[in-house]
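Enquirer: Below is the sequence, then the predicted model.
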There are 2 protein chains.
Amino acid sequence: MPLDLSASQALGLWHGVTLAQVRREDHDLTLRQTAILLQIYLVPPPHTVRGLAATLGVTKPVITRALDTMGEMGLVDRVRDDRDRRNVIIKRTVTGALYLEKLGDLVIEHGRKL
Amino acid sequence: MPLDLSASQALGLWHGVTLAQVRREDHDLTLRQTAILLQIYLVPPPHTVRGLAATLGVTKPVITRALDTMGEMGLVDRVRDDRDRRNVIIKRTVTGALYLEKLGDLVIEHGRKL
DNA sequence: CGAGACTGGAACGGTAGCGTAACGATTTCG
DNA sequence: CGAAATCGTTACGCTACCGTTCCAGTCTCG
């Protein structure tokens, strides 16, 4: 079901959510980190470093570093793949799901204000 | 007029737009820089450094540095206030308006895909 | 006038992400 | 087997943003 937005609605929504994110000041994720996180939680697993790099159009070290940072925040987890021990499977966490749930609420809340 | 979104719609929209932004690779603005830019273009002028800092809940140097960076990109412009020469008025530019127009299109485009 | 308040910006050291180029570990296959 | 390919990670030098502090210019008002 398509969702039709006017130009002013689209930018207004982006404005409200971004502003709220800045003011909240919790975790200041990079645009890339945010994209990675959303990809992990919204697209069916399994997720690998290589796969994410290809999907986002960035190099592998970018993914590794982002996973380091977000791993320390508890937003994601890494597990070796036992079927092919070269791979690393990126796992979701409760903390990460909660974080994205809050982001979703923020979007919904500002959507209502339009 | 309120815009009601489901949780999956809200996150899906954010996901699509963020992903497109990362892949596009043009200018990689910080979350704060994006918030500043949207504030300047969506809220009636005049905009000052101090005012923006208060609105976003950050310190003045953060605004100064962001304006430096975005100024070099041509996204904003700075002009001394002749009525009170302590103030600096932040001006909009054609490049900046174009940039935000593209962002708006991106949001609209991904809104349609939901 | 001159003291004080106000503005935006500069200076400082610290931290985090970047791209490129390697590396060790593992699997594949000739 | 052993050579080659593939995976994720690390190392390196670099750039950009960070928070704190301080500063020069400007206005206000007794």
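Expert: Received it, and whenever you're ready, just let me know what you need. Numbers count the residues shown, from 1 in each chain, chains lettered A, B, ... in the order given.

Enquirer: Next up, the contacts around A:Gly12.
Expert: Under the criterion of C-beta atoms under 8 Å, 6 or more residues apart in numbering or on different chains, the neighbours of A:Gly12 are A:110, A:114, B:42. C-betas here are computed from N, CA, C, even on glycine.

Enquirer: Next: A:Thr95.
Expert: A:Thr95 makes contacts with A:73-75, as judged by C-beta under 8 Å, 6+ apart.

Enquirer: ok, of those residues, which one's closest to A:Ile63?
Expert: Nearest to A:Ile63, judged by C-beta to C-beta, of those is A:Leu75 at 13.8 Å.

Enquirer: Please determine how far that closest one is located from A:Leu3.
Expert: Counting by C-beta to C-beta, to the nearest Å, the separation of A:Leu75 from A:Leu3 is 27 Å.

Enquirer: outside of the helix or strand A:Asp77 falls within, which residues touch it?
Expert: Taking DSSP states H and E as the criterion, the element that holds A:Asp77 is strand A:76-80. Under the criterion C-beta under 8 Å, 6+ apart, residues A:37, A:40, A:67, A:70-71, A:87-93, A:96 lie in contact with strand A:76-80.

Enquirer: what's the offset of that strand from the middle of its chain?
Expert: In this view, strand A:76-80 has its centroid 15 Å away from the chain centroid, taken as C-alpha atoms, centre = their mean, to the nearest Å.

Enquirer: Check which element follows it along the chain.
Expert: Scanning forward in sequence from strand A:76-80 by DSSP H and E, the next helix or strand is strand A:88-92.

Enquirer: which parts of chain A sit against DNA strand D?
Expert: A:48-51, A:60-61, A:63-65, A:67-68, A:78, A:86-88 (C-beta under 7 Å from any atom of the strand).

Enquirer: The residue most central in space within chain A: what secondary structure?
Expert: Residue closest to the mean C-alpha point of chain A, counted by C-alpha atoms, centre = their mean, is A:Leu37 at 2.4 Å. Look at A:Leu37: counting by DSSP: H, G, I helix; E, B strand; the rest coil, its state is helix.

Enquirer: Tell me who's in contact with it.
Expert: With contacts taken as C-beta under 8 Å, 6+ apart, A:Leu37 has the following neighbours: A:29, A:70, A:75-76, A:96, A:99-100.

Enquirer: could those go into JSON lines alongside pLDDT and neighbour count?
Expert: Compiled in JSON lines, the contacts of A:Leu37 are given as follows (pLDDT from 0 to 100; neighbours: other C-beta atoms under 10 Å in any protein chain shown):
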{"residue": "A:Leu29", "pLDDT": "92", "neighbour count": "20"}
{"residue": "A:Met70", "pLDDT": "97", "neighbour count": "25"}
{"residue": "A:Leu75", "pLDDT": "97", "neighbour count": "25"}
{"residue": "A:Val76", "pLDDT": "97", "neighbour count": "24"}
{"residue": "A:Gly96", "pLDDT": "97", "neighbour count": "20"}
{"residue": "A:Tyr99", "pLDDT": "96", "neighbour count": "20"}
{"residue": "A:Leu100", "pLDDT": "97", "neighbour count": "23"}
